[in-house]
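Visitor: Kindly generate the corresponding structure for this input.
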Amino acid sequence: MTASKPLTLEFITSKAEEEQIASPNFKQVKLTKKFLMPKVKELEADMLALRAAFDQGFDISTNKYGKTYPEGFCQEITLGVKELLEKQLPQAKTPGLMALRDFIAQGGLAKRIWGNLRHQYFQNAFQFGNLYVDVANDTVTITKPKVEILPLAKARMFPINEYDGYADVAEKYWKGQVYPNRILPDLAVMFPLFLITPNGKVALHANYQTILYRNMQFDFALAEKFLMRSKRRDMQLPKQHLERLVNEFGARSEPIDDAELKQYFDSARGSALRFDSTRCQALLDRAIAL
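Guide: Down below sits the predicted model:
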């Protein structure tokens with residue numbers, strides 16, 4: 001989020017859509033069938049080679065939330081492979097990448113996607129036409145193949161467009177518990193939920209690009225809906241976590257009611273918060289600092 005200039009609805013919408021799964025139309029299905037399906041094994045081999053190149057250059061001793069590479073590193077791997085792919089594609093010499101280059105040249109869709117995989121995980125992957133291409137397939141179960149290519153429908157990857165669905169996956173993926181944020185109400189318009197992980201870490205969610213900007217796109221309606229109508233709306237943080245947030249971050253000692261909470265949303269909309277990059281960045285910084 002850039003603090004140097006105002007945000008626009010066009011920019012916010014583009015960020016909200018950037019990682020979203022696209023519904024393949026007839027053209028994408030036809031191009032996939034013509035260019036990619038005849039070379040799908042070669043494409044898999046080339047993507048595996050890119051993954052191997054990334055692995056070789058990455059510090060695999062890196063620890064992330066107590067996990068060692070590759071477990072939990074789906075974003076880093078996918079972004080890294082994307083960078084390598086973009087460098088190699090214009091001068092492609094291998095059959096799989098040549099097929100992908102020709103596919104894109106004819107109008108084929110190739111993008112990075114992020115979403116809900118099989119209602120169990122958050123996952124980063126690629127969409128090539130109507131193919132799902134996962135170069136970080138071993139980041140949950142490390143014994144799985146590193147690369148997986150499937151028809152998009154068979155992959156069962158779904159977009160994340162609201163916080164209830166996000167919360168359901170978050171609890172499964174991080175094995176934690178989600179609670180509504182009614183104690184830091186000025187942050188709630190952008191970060192409407194807490195996640196407590198099994199090791200006791202408390203974090204405000206979500207600063208993932210897609211859901212963060214989707215909420216801003218709809219002027220914080222997604223956060224408001226979650227806090228007002230979610231099945232989790234009346235859940236309260238355990239006492240020990242609440243006390244720490246009160247003492248260290250100035251949180252309310254009691255959850256605020258709907259009427260007061262609505263005032264924060266009305267104020268955010270009335271002051272055009274979603275277009276104010278400086279204030280949005282300040283809220284993001286506070287959420288991350290938690």
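Visitor: Need the contact partners of the longest helix seen in the chain.
Guide: For the chain, the helix with the greatest residue count under DSSP state H is helix 40-57. Defining contact as Cβ atoms under 8 Å, 6 or more residues apart in numbering, one finds that helix 40-57 is touched by 36, 70, 77, 80-81, 84-85, 88, 94-97, 99-100, 128, 131, 133, 135-136, 146-147, 149. C-beta here means a position set from N, CA and C on the backbone, and glycine is covered the same way.
Visitor: Filter those down to the ones in strands?
Guide: 128, 131, 133, 149 (DSSP state E).
Visitor: these two touch, right, the last one and residue 131?
Guide: What it means is residue 149. Yes. The pair residue 149 / residue 131 is scored as a contact, 5.9 Å apart, by Cβ atoms under 8 Å.
Visitor: Compare the two (neighbour count), which wins?
Guide: Taking neighbours as other Cβ atoms under 10 Å, residue 149 and residue 131 compare with residue 131 leading, 25 against 21.
Visitor: Hmm, the more buried one is touching residue 151, no?
Guide: Yes. Residue 131 lies in contact with residue 151 (Cβ under 8 Å); the separation is 6.6 Å.
Visitor: Who are the contact partners of residue 9?
Guide: When contacts are counted by Cβ under 8 Å, 6+ apart, residue 9 touches 217, 275.
Visitor: Also residue 84?
Guide: Residue 84 is in contact with 50, 53, 54, counting by Cβ under 8 Å, 6+ apart.
Visitor: To what extent is the first one buried, counted in neighbours?
Guide: Residue 50 is flanked by 21 other residues according to other Cβ under 10 Å.
Visitor: Distance of it relative to residue 20?
Guide: 23 Å (Cβ to Cβ, to the nearest Å).
Visitor: what's the answer for residue 67, then?
Guide: To residue 20, residue 67 is 27 Å away according to Cβ to Cβ.
Visitor: still on that earlier bit, so among the contacts of helix 40-57, which ones count as buried?
Guide: The neighbour-count test (16 or more other Cβ atoms under 10 Å) applied to the contacts of helix 40-57 identifies 36, 70, 77, 80-81, 84-85, 88, 96-97, 99-100, 128, 131, 133, 135-136, 146-147, 149 as buried.
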